[in-house]
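*Asks:* Sequence isn't available, so here's the structure alone:
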């Protein structure tokens with residue numbers, strides 16, 4: 001969606017790159033801070049229930065498209081892990097990090113595939129988020145199933161996590177599209193001319 005906005009405003013390649021880089025950094029920062037707030041207020045169980053890192057990643061995919069969204073999806077848990085490890089409480093845990101990076105990469109890439117359509121019609125954010133959520137969670141379950149012989153994370157444990165996070169996914173399936181639609185309206189509105 002951002003690409004369409006920048007193209008409509010005839011932004012140069014350098015401006016496009018700068019805007020996307022700054023927006024990506026802001027989204028990754030939000031993906032680090034938001035889980036910390038949720039864990040502080042609701043504990044570790046709250047993090048598993050509300051899935052706070054998923055919201056910024058879904059937002060990033062819808063806004064930035066699949067390529068930049070993919071980067072946001074992979075970087076968000078990695079940056080969070082690096083920063084929180086310094087404080088002695090790695091989040092996500094090291095064993096969960098590769099799974100979460102893969103899952104969030106799917107979330108961002110799938111929602112990002114809809115980015116151009118969202119620029120044309122904001123309502124497309126709803127199927128984008130829904131398909132991204134289903135695809136990402138299914139990929140997480142598939143990875144756990146395929147790797148359970150060599151990993152401590154089993155498919156049964158992942159299935160429990162998926163069930164626990166359903167409320168958070170439902171909330172995000174409503175909240176993220178509404179945020180994207182609101183941003184779309186703000187970014188695509190025509191400036192008032194001095195004659196009006």
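*Replies:* Great, that's in hand. None of the values given here were measured: they were computed from a predicted structure.
*Asks:* Quick check: the gap between the residue most central in space within the chain and residue 13.
*Replies:* For the chain, the residue nearest the mean C-alpha position is residue 57 (1.1 Å; Cα atoms, centre = their mean). Residue 57 sits 26 Å away from residue 13, going by Cβ to Cβ, to the nearest Å. Placement of C-beta: from N, CA and C, glycine included.
*Asks:* same deal with residue 86?
*Replies:* Using Cβ to Cβ, residue 86 is found at 36 Å from residue 13.
*Asks:* after the biggest helix by length in the chain, next one along is what?
*Replies:* Secondary structure of the chain per DSSP state H: the longest helix is helix 13-50. Sequence-wise, the next helix or strand downstream of helix 13-50 (DSSP states H and E) is helix 54-86.
*Asks:* list the buried ones in stretch 17-28?
*Replies:* Burial within stretch 17-28, assessed by neighbour count using 16 or more other Cβ atoms under 10 Å, is assigned to 19, 20, 23, 24, 27, 28.
*Asks:* Same question for stretch 123-135.
*Replies:* Across stretch 123-135, burial judged by 16+ other Cβ under 10 Å covers 124, 125, 126, 128, 129, 130, 132, 133, 135.
*Asks:* how would you label the fourth one: helix, strand or coil?
*Replies:* Taken by DSSP: H, G, I helix; E, B strand; the rest coil, the conformation at residue 128 corresponds to helix.
*Asks:* list the contacts for the spatially closest residue to it that is not a sequence neighbour?
*Replies:* Excluding the flanking residues, the one nearest residue 128 by Cβ to Cβ, 6 or more residues apart in numbering is residue 114, at 3.5 Å. With contact taken as Cβ atoms under 8 Å, 6 or more residues apart in numbering, residue 114 is in contact with 62, 124, 125, 127, 128, 131.
*Asks:* if you skip the residues just before and after it, what's nearest to the fourth one?
*Replies:* Which is residue 127. residue 114 (7.0 Å).
*Asks:* where does this structure dip in pLDDT?
*Replies:* Along the chain, the parts satisfying pLDDT under 70 run over 191-196.
*Asks:* Now with 50, please.
*Replies:* Applying pLDDT under 50 to the chain flags residues 194-196.
*Asks:* how near is the residue nearest to residue 127 to residue 134?
*Replies:* Residue 114 sits 14 Å away from residue 134, going by Cβ to Cβ.
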